[in-house]
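Q: Fold the stuff below for me.
(one chain, ligands or ions: 2)
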Amino acid sequence: MTILVTGGAGFIGSNFIFYWLDKHPGDRVVCLDKLTYAGSLSTLKSVMDRPDFRFVKGDICDKGLVLGLFREERPEYVINFAAESHVDRSITGPEVFLQSNYIGTAVLLEACRECGVGRYHQVSTDEVYGDLPLDRPDLFFTEDTPLHTSSPYSASKAAADLLVQSYVRTYGISATISRCSNNYGPCQFPEKFIPLMVINALNDEPLPVYGDGLNVRDWLFVEDHCRAIELILQKGRIGEIYNVGGHNEWRNIDVVKLILAKLGKPESLIRYVEDRKGHDRRYAIDPGKICDELGWLPETGFEDGLGWTLRWYLDNRPWWGDIVSGEYREYYEMMYGGR
Ligand code: NAD
Ligand code: TDX
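A: Ligands and ions are numbered 1, 2, ... in the order given. Coordinates of the predicted model:
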């Protein structure tokens with residue numbers, strides 16, 4: 001069987017490709033990725049020469065290219081990871097988020113309608129539910145929690161989810177949606193919280209904690225997310241949404257302190273900086289549906305997963321060294337200089 005993975009040169013998509021090729025020998029994986037600032041062929045280096053893997057550079061918004069690829073490859077599964085994914089960038093420049101996250105999804109859905117696919121899976125996020133208050137630890141996001149977006153990023157993802165649901169209802173497209181909590185693990189772009197803190201700590205540079213550092217995120221090791229998507233593709237019910245998260249809530253400041261302790265670096269590197277606009281307070285997933293219906297459970301504890309992640313960043317300095325010395329420097333200066 002052929003599966004089409006969009007956004008596979010980014011963090012979760014690349015981990016999904018490694019996972020799938022490992023678990024499904026005999027399947028062919030085609031990766032379509034625009035190679036934005038967040039995508040890199042160096043991430044896919046280990047699979048580029050495999051006969052069961054094909055990389056295609058292209059934009060999911062490019063109708064002609066997408067349709068041509070569907071006709072040529074006839075993928076049975078299409079898994080859409082391609083997106084602009086960083087909340088801070090969506091605050092400074094929303095337009096590209098609407099384009100890639102919404103229009104891109106629309107183009108893929110049209111190609112599914114035209115060519116027919118066994119399954120379309122939309123990789124969404126818990127951010128579509130907005131946030132929860134810190135003083136109500138009893139509350140969690142379920143699949144029935146109303147959409148309540150805070151950033152242009154989350155709004156673009158929510159809009160794409162609604163479009164997917166409309167294609168199920170109107171055209172009978174066999175689609176599913178997963179809404180996962182914050183992922184961490186190897187190959188995550190340095191702009192995101194955990195890699196940013198790890199890299200700055202390794203470079204003995206200040207660690208910028210937004211606001212009071214008390215915002216809570218529900219961290220999941222990336223491979224557990226990949227396994228959840230695999231299960232949804234195999235056993236999930238058409239038209240359904242599945243929340244994915246491992247009940248692993250941490251305050252940002254505590255994650256930063258844990259990273260510093262693991263790397264043997266001093267807490268004096270911590271700098272509290274101006275808060276993110278519209279900063280969501282707490283995310284917390286109720287994964288009851290995917291656990292009960294599909295038998296999914298997270299397999300990696302945070303201590304282990306974070307340890308492996310730190311090891312990966314220590315062992316792969318050239319991967320992130322190339323990134324942080326390039327145009328990323330300008331981004332960093334713009335986002336954090338004088339903050
Ligand atoms: P990422 O930014 O690391 O990677 C995104 C990839 O998509 C990059 O390789 C980029 O080049 C590609 N891309 C962007 N626009 C494209 C376009 N128009 N056409 C083709 N390719 C394009 O993102 P990530 O963290 O791996 O997230 C992947 C997906 O998972 C996203 O849809 C995101 O919303 C979702 N998600 C992420 C998290 C998380 O914690 N990172 C959690 C839940 C859901
Ligand atoms: O420098 C920083 N300092 C800081 O305090 C950065 C980059 C982040 N933060 C805080 C903001 C958040 O409370 O850390 C938390 C995590 O930030 P991000 O890594 O930017 O993730 P978040 O905004 O929670 O969104 C992530 O999870 C859901 C992904 O980036 C999304 O793609 C996904 O949908």
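
Q: Phi and psi next, for Asp254.
A: Per-residue torsions, Asp254: phi -70, psi -30 (degrees, to the nearest 10).

Q: any idea of the pLDDT on it?
A: With respect to pLDDT, Asp254 scores 98.

Q: can you count the residues close to it?
A: 13 (other CB atoms under 10 Å). C-beta coordinates here come from the backbone N, C-alpha and C atoms, glycine included.

Q: That one and ligand 2, how far apart?
A: 12 Å (CB to the nearest ligand atom, to the nearest Å).

Q: Could you check how far that residue is from Asn215?
A: Asp254 sits 11 Å away from Asn215, taking CB to CB, to the nearest Å as the criterion.

Q: now do Arg50
A: Distance, Arg50 to Asn215, using CB to CB: 40 Å.

Q: So these two - more neighbours on which side?
A: Applying other CB under 10 Å to Arg50 and Asn215 shows that Asn215 carries more neighbours, namely 22 against 12.

Q: can you map out the strands along the stretch 1-150 of the chain?
A: All strands of the stretch 1-150 of the chain, identified by DSSP state E, counting those that start in this stretch, fall at 2-6, 28-33, 53-57, 77-80, 119-125.

Q: out of those, nearest to ligand 2?
A: Ligand 2 lies closest, by CB to the nearest ligand atom, to one member of those: strand 119-125, at 3.1 Å.

Q: Just name whatever secondary elements that closest one is in contact with.
A: strand 77-80, helix 104-115, helix 152-171, strand 175-180, helix 222-235 (3 or more CB pairs under 8 Å, 6 or more residues apart in numbering; DSSP states H and E).

Q: Please identify the helix or strand for Gly278.
A: Using DSSP states H and E, Gly278 maps to neither a helix nor a strand.

Q: out of everything not next to it in sequence, what's closest to it?
A: Closest residue to Gly278 apart from its sequence neighbours, by CB to CB, 6 or more residues apart in numbering: Ser150 at 4.6 Å.

Q: for that neighbour, what are its contacts?
A: 127, 130-131, 278-280 (CB atoms under 8 Å, 6 or more residues apart in numbering).

Q: near ligand 2 too, which of those residues?
A: The residues of the contacts of Ser150 that also fall near ligand 2, by CB under 6 Å from any ligand atom, are Glu127.

Q: Now render the contacts of Ser150 as TSV, adding pLDDT.
A: What follows is those, written out as TSV (pLDDT from 0 to 100):
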residue	pLDDT
Glu127	98
Gly130	98
Asp131	97
Gly278	97
His279	98
Asp280	98
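
Q: Among the contacts of Ser150, the buried ones, what's the ChimeraX command?
A: In ChimeraX syntax, the buried subset of the contacts of Ser150 is picked out as below (16 or more other CB atoms under 10 Å):
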select :127,130,131,280
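
Q: Closest one of the contacts of Ser150 to ligand 1?
A: If you rank the contacts of Ser150 by distance to ligand 1 using CB to the nearest ligand atom, Glu127 comes first, at 7.5 Å.
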